[in-house]
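Asker: need coordinates for the following:
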Amino acid sequence: MSAGLRNKISEMVSREERFFIIKSTDMNDEMQHAAIGYANLALDKFDDEKEISSFMNEAFDAMYGGTWYCRVGRTFGGSVPDKPASFIYFYIGTVAVLLFRDMEKKKFRRSER
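Answerer: This is a model prediction of the structure:
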């Protein structure tokens, strides 16, 4: 991660004092820091959980590639693939965030005419 990006994410995290608790993750420290920073930024910008989720999806798609999925809410159930490429489940303030990348390639069959 470049120094400029690291500083930008640090600014996002420190903008408002929200506590966060990482419940489970296999991400490296850089990606964890980015996830918390983008969640904090999204909470500043949006009130709707779907908008927060979309914002985080787009940010991680752009930064890390692959297909990212994000669920945001105060109460929700969810699961990740058996072997996600990366995931993090955390609380920021009173909001839970589940963010994961699925690298499994899906095969679709064309319907025959």
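Asker: how many residues are close by M27?
Answerer: Other residues lying near M27 total 19 when counted by other CB atoms under 10 Å. All C-beta spots, glycine's among them, are computed from the backbone N, C-alpha and C.
Asker: show me where the chain has its strands.
Answerer: 20-25, 68-73, 86-92, 95-101 (DSSP state E).
Asker: deepest of those, which one?
Answerer: strand 95-101 (a mean of 22; mean count of other CB atoms under 10 Å).
Asker: so which helix or strand of the chain has the lowest pLDDT on average?
Answerer: Averaged element by element with mean pLDDT, DSSP states H and E, the chain has its least confident helix or strand at helix 3-14 (a mean of 55).
Asker: now stretch 48-63: mean pLDDT?
Answerer: Taken as a whole, stretch 48-63 carries a mean pLDDT of 94.
Asker: repeat for stretch 72-92
Answerer: For stretch 72-92, the per-residue pLDDT averages 78.
Asker: out of the strands of the chain, flag the one nearest F55.
Answerer: Between F55 and the strands of the chain, the shortest separation by CB to CB is 8.5 Å, and it involves strand 68-73.
Asker: that closest one: partners in the sheet, and parallel or antiparallel?
Answerer: Paired neighbours of strand 68-73 in the sheet (DSSP bridges): strand 95-101 (antiparallel).
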